[in-house]
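1. mind folding the following:
(chains A and B)
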Protein chains: 2
Amino acid sequence: MDLTKLAVPIVQAPLAGGASTPELAAAVNAAGGLGFLAAGYKTTGAVREDIRKLRSLSEAPFGVNIFAPPAPVRDAAAIAAYADSLRRDAERHGTTLGDPRHDDDYFDAKVELACNEHVPVVSFTFGCPEPAVVRRLHEAGCDAWVTVTNPDEALLAQSVGADALVVQGFEAGGHRAYFTDSPDTEELGLLAALQLVRNRVGLPLVAAGAIADGTAVAAVLCAGAAAAQIGSALMLAPEAGTSEPHRAALAEEGSTRLTRAFSGRQARGIVNRFMREHDADAPAAYPDVHYLTTPIRNAARQAGDPERLNLWAGQAHALAVPAPAAEIVRGLGAEARDAAKSLALRLERAG
Amino acid sequence: MDLTKLAVPIVQAPLAGGASTPELAAAVNAAGGLGFLAAGYKTTGAVREDIRKLRSLSEAPFGVNIFAPPAPVRDAAAIAAYADSLRRDAERHGTTLGDPRHDDDYFDAKVELACNEHVPVVSFTFGCPEPAVVRRLHEAGCDAWVTVTNPDEALLAQSVGADALVVQGFEAGGHRAYFTDSPDTEELGLLAALQLVRNRVGLPLVAAGAIADGTAVAAVLCAGAAAAQIGSALMLAPEAGTSEPHRAALAEEGSTRLTRAFSGRQARGIVNRFMREHDADAPAAYPDVHYLTTPIRNAARQAGDPERLNLWAGQAHALAVPAPAAEIVRGLGAEARDAAKSLALRLERAG
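-> Residues are numbered from 1 along each chain as shown, chains lettered A, B, ... in the order given. Sure thing, here's the model as predicted:
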């Protein structure tokens, strides 16, 4: 997959957890970008169906994102204490807490599926795959991408044979992709991360984090990315599976922050009541806490209650527009082209 | 001051607290950028001398940065408690704590000086000047710039008559410029801040935060900035007043984070022992805490001890190179021009 050959230098963010649909990926492909499917939180059978559906809608290459297995969780008592603090929220929505289990989201089966289906691009989030996994993907004709947040992760991903890196800035909506979720982790902004990673690693880079308009697409390409990954800016498209309360919140101005309250792993969402009430107590225990809060989030979503729902959003979410995905992607591409052209002219004249 | 007329679209960061010198500003001017002097932490007489010295070295326009008066500090008990926790550090360096006074860093006198000297650009950090201050500057022929961190601050600065805005991303080294230092403030990354501010305000923007190479300069210009502000990338220049232990730390890789430990206001520096030991206890009390810790920081600096010193640095500090400032500025400009040109060509071909 040569990213510089894309007609529009845009990669769709995988958008696990609701917004991802085959229709969205197909629309991004149709506009000349690279569509993506999210394998996360789905059964292997459901992912297979998504892949086949997408192939019925588009003949272009696409990607599938797989969650790398999470680190072991040590502190069962912290999870139990957090569960106690959540019971009232569950009761308020007439539901009970979920079972806080620790699993790997069918990692091996999903990698096998991707190989069997010869998925053009398989990206990983939450960790670095073993070299053997990358070799298997390569043998099946799949490119392997790894999502990283700093130069050390980039070097590790390069050492296992990754074909490209998604460089995620702390501005990005949804889960932070760091290999380890620790309070000591430096939160690098996207432009800083791009410069620092490019200084250490020669792989093609996809830039992710609050890229909402075409000028920002041009910006990350100037800074050395081969393509820009777009998430929040596509979530109001009719093809996206974004829930109604989530759509309403995305379209308004509203602060975002990182929180472990919903899933036990840092993720960026629009600040709401659940986040304010539970952020301080949430343990680093993913995906255990994800399963614990699932019934509350589902009930809130169905009730249209934005205050107890994970409203994942990047820092520039307020710039998202409700338009067909292909139109959004083409618009971003045209705006990026104009921005690069007029800057080149300005600097030419000055120099 | 028409920023698009600069031969190189680079504005020097003011670098209050040691690195700022008239020689550095003159060198940036000589390369075609806009040099800056820091009025912060200096007497009005010392600032006057710096202005005259710079004028003897360079005939080009320049800027002077003035700290806006800080908000009142409410919690004297918190400052006293923090002082108790610092006594051992002071003793270790054979000194005593400073007097935690609350002052406005001679705000009125410095504005008057800038007017009397007809300083071409006067920028403000830590708050928005009153409309009367901006009017006075305009009457004296000075442009007034305000440093902002989000769209609301940008709107306020526009309403008082600012001529341009410095948009500071959270990646930037040194103090965060927000008008209010509160735990609820959203920390916007530079690219997100540029997009959001540009969506609300039509003023010329100067982008600040971890811009370490020419590709990042081109990036922020693509995203709509008229110029890029450069701080850490100039701090190893021989013309900079950067202390030796600070130079050594800047040149190495090393995590940065925001802390109130040194000054009572969030500022980004390289993580060291003082930060690790005192960050959690430091109250939001600026400049009181600044004065409290001054003797410790001065003693550590003289002893060459990087562990009890404020090592202000942006997130991309490890990319700074020890070279003459004019050479750095010209190099950044040339690299930005190349990046914009090759991106324009690539997108032209794709489209």
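2. and chain A, what are its domains?
-> Domain assignment of chain A by automatic domain parsing yields the ranges A:1-69+A:105-238+A:325-351, A:73-103+A:243-320.
3. how much distance is there from the shortest one to the middle of the chain?
-> Translated: domain A:73-103+A:243-320. 16 Å (C-alpha atoms, centre = their mean, to the nearest Å).
4. go on, the first one?
-> Using C-alpha atoms, centre = their mean, the mean C-alpha position of domain A:1-69+A:105-238+A:325-351 is found 8 Å from that of the whole chain.
5. A:Asp288 is in contact with A:Gly264, isn't it?
-> Yes: with contacts counted by C-beta atoms under 8 Å, A:Asp288 reaches A:Gly264, the gap being 5.6 Å. Where you see a C-beta, it was placed from the backbone N, CA and C, and this is true even at glycine.
6. which one is whichever residue of the stretch 1-150 of chain A sits closest to chain B nearest to, not counting chain neighbours?
-> Going by C-beta to the nearest C-beta, chain B is nearest to A:Ala7 of the stretch 1-150 of chain A, at 5.8 Å. Distance criterion C-beta to C-beta, 6 or more residues apart in numbering or on different chains; nearest residue to A:Ala7, sequence neighbours excluded, is A:Gly32 at 3.0 Å.
7. what is the burial count for the one you found?
-> Residues within reach of A:Gly32, counting by other C-beta atoms under 10 Å in any protein chain shown, total 18.
8. measure it to B:Ala212 for me?
-> 32 Å (C-beta to C-beta, to the nearest Å).
9. over to A:Val217?
-> Distance from A:Val217 to B:Ala212, by C-beta to C-beta: 21 Å.
10. also A:Ala225?
-> Going from A:Ala225 to B:Ala212 by C-beta to C-beta gives 16 Å.
11. out of these two, which sits in the busier spot?
-> A:Ala225 (29 against 26).
12. sec struct for the more buried one, please.
-> When classified by DSSP: H, G, I helix; E, B strand; the rest coil, A:Ala225 comes out as coil.
13. excluding covalently adjacent residues, which one is nearest to it?
-> In this structure, A:Ala225 finds its nearest non-sequential neighbour in A:Ala207, 3.7 Å apart by C-beta to C-beta, 6+ apart.
14. got a list of contacts for the helix or strand that contains that neighbour?
-> Using DSSP states H and E, A:Ala207 sits in strand A:205-208. Residues from elsewhere that reach strand A:205-208, judged by C-beta atoms under 8 Å, 6 or more residues apart in numbering or on different chains: A:3, A:11, A:13, A:145, A:147, A:164-169, A:172, A:190, A:194, A:197-198, A:220-221, A:223-229, A:231.
15. please name every helix or strand in contact with the helix or strand following that strand.
-> Next helix or strand after strand A:205-208 toward the C-terminus (DSSP H and E): helix A:214-222. On a contact count with 3 or more C-beta pairs under 8 Å, 6 or more residues apart in numbering or on different chains; DSSP states H and E, helix A:214-222 meets helix A:190-198, strand A:227-230, helix A:325-350, helix B:190-198, helix B:214-222, helix B:325-350.
16. now A:Gln195: closest residue in space, sequence neighbours ignored.
-> Leaving aside its sequence neighbours, A:Gln195 sits nearest to B:Ala316 (C-beta to C-beta, 6+ apart; 5.0 Å).
17. so that neighbour sits against A:Val197, correct?
-> No: the criterion here is C-beta under 8 Å, and B:Ala316 misses it with A:Val197 at 10.7 Å.
18. right, and the residue nearest to A:Ala7 touches A:Arg330 too?
-> Yes: using C-beta under 8 Å, A:Gly32 is in contact with A:Arg330, at 7.4 Å.
19. common neighbours of those two, please.
-> Residues within reach of A:Gly32 and of A:Arg330 at once, by C-beta under 8 Å, 6+ apart, are A:Val8.
20. for A:Pro183, grab the count of nearby residues.
-> Residues near A:Pro183, counting by other C-beta under 10 Å: 6.
21. and it, its phi and psi?
-> phi -60, psi -20 (degrees, to the nearest 10).
22. let me see the confidence value for it.
-> You'll see A:Pro183 listed with a pLDDT of 83.
23. state the distance from it to A:Gln266.
-> According to C-beta to C-beta, A:Pro183 stands 10 Å off from A:Gln266.
24. A:Asp163 contacts A:Val146, correct?
-> No: using C-beta under 8 Å, A:Asp163 is not in contact with A:Val146; the gap is 9.1 Å.
25. when these two are compared, which one has more neighbours?
-> Legend: neighbour count by other C-beta under 10 Å for A:Asp163 and A:Val146, higher for A:Val146 (28 against 21).
26. restrict the helix or strand harbouring A:Arg52 to CA atoms and write it as CSV.
-> Using DSSP H and E, A:Arg52 sits in helix A:44-57. In CSV, the C-alpha atoms belonging to helix A:44-57 read as follows (Å, rounded to 0.1, in the frame of the first residue of the first chain):
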residue,chain,number,x,y,z
THR,A,44,-14.7,-12.3,14.5
GLY,A,45,-17.9,-13.3,12.6
ALA,A,46,-19.2,-9.7,12.6
VAL,A,47,-15.8,-8.4,11.3
ARG,A,48,-15.9,-11.0,8.5
GLU,A,49,-19.4,-9.8,7.5
ASP,A,50,-18.1,-6.2,7.6
ILE,A,51,-15.2,-7.1,5.3
ARG,A,52,-17.5,-8.8,2.8
LYS,A,53,-20.0,-6.0,2.9
LEU,A,54,-17.3,-3.5,2.2
ARG,A,55,-16.0,-5.6,-0.6
SER,A,56,-19.4,-5.6,-2.2
LEU,A,57,-19.5,-1.8,-2.0
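27. who touches it?
-> Around helix A:44-57, the neighbours that count as contacts under C-beta under 8 Å, 6+ apart are A:20-23, A:25-26, A:35, A:37, A:39, A:42, A:62, A:64, A:106, A:109-110, A:113, A:117, A:119.
28. can you map out the strands along the stretch 151-300 of chain A?
-> Counting by DSSP state E, counting those that start in this stretch, the stretch 151-300 of chain A has strands at residues A:164-168, A:174-175, A:205-208, A:227-230, A:256-259, A:267-270.
29. swap in the stretch 1-150 of chain A?
-> Going by DSSP E, counting those that start in this stretch, the stretch 1-150 of chain A shows strands at A:10-12, A:35-38, A:62-67, A:121-125, A:143-148.
30. is any residue of the first one near chain B?
-> No: contact between strand A:10-12 and chain B is absent, the nearest approach being 11.0 Å (criterion: C-beta under 8 Å from any C-beta of the partner chain).
31. what angle separates the helix holding A:Arg52 from strand A:62-67?
-> Calculated by axes from the mean of the first three to the mean of the last three C-alpha atoms, to 10 degrees, helix A:44-57 forms an angle of 160 degrees with strand A:62-67.
32. buried residues in helix A:44-57?
-> A:Thr44, A:Val47, A:Arg48, A:Asp50, A:Ile51, A:Lys53, A:Leu54, A:Leu57 (16 or more other C-beta atoms under 10 Å in any protein chain shown).
33. from these, pick the one nearest B:Ile296.
-> A:Val47 (57.1 Å; C-beta to C-beta).
34. can you tell me how far that closest one sits from A:Asn65?
-> A:Val47 sits 10 Å away from A:Asn65, going by C-beta to C-beta.
35. give the residues shared as contacts by these two.
-> A:Leu37, A:Ala39.
36. how about the residues of the stretch 1-150 of chain A that lie near chain B?
-> A:Thr4, A:Leu6, A:Ala7, A:Val8, A:Pro9.
37. actually the stretch 201-350 of chain A, sorry about that
-> Checking the stretch 201-350 of chain A against chain B by C-beta under 8 Å from any C-beta, the hits are A:209-213, A:215-216, A:218-224, A:253, A:255-257, A:314-316, A:318-319, A:333-334, A:336-337, A:339-341, A:343-344, A:346-348, A:350.
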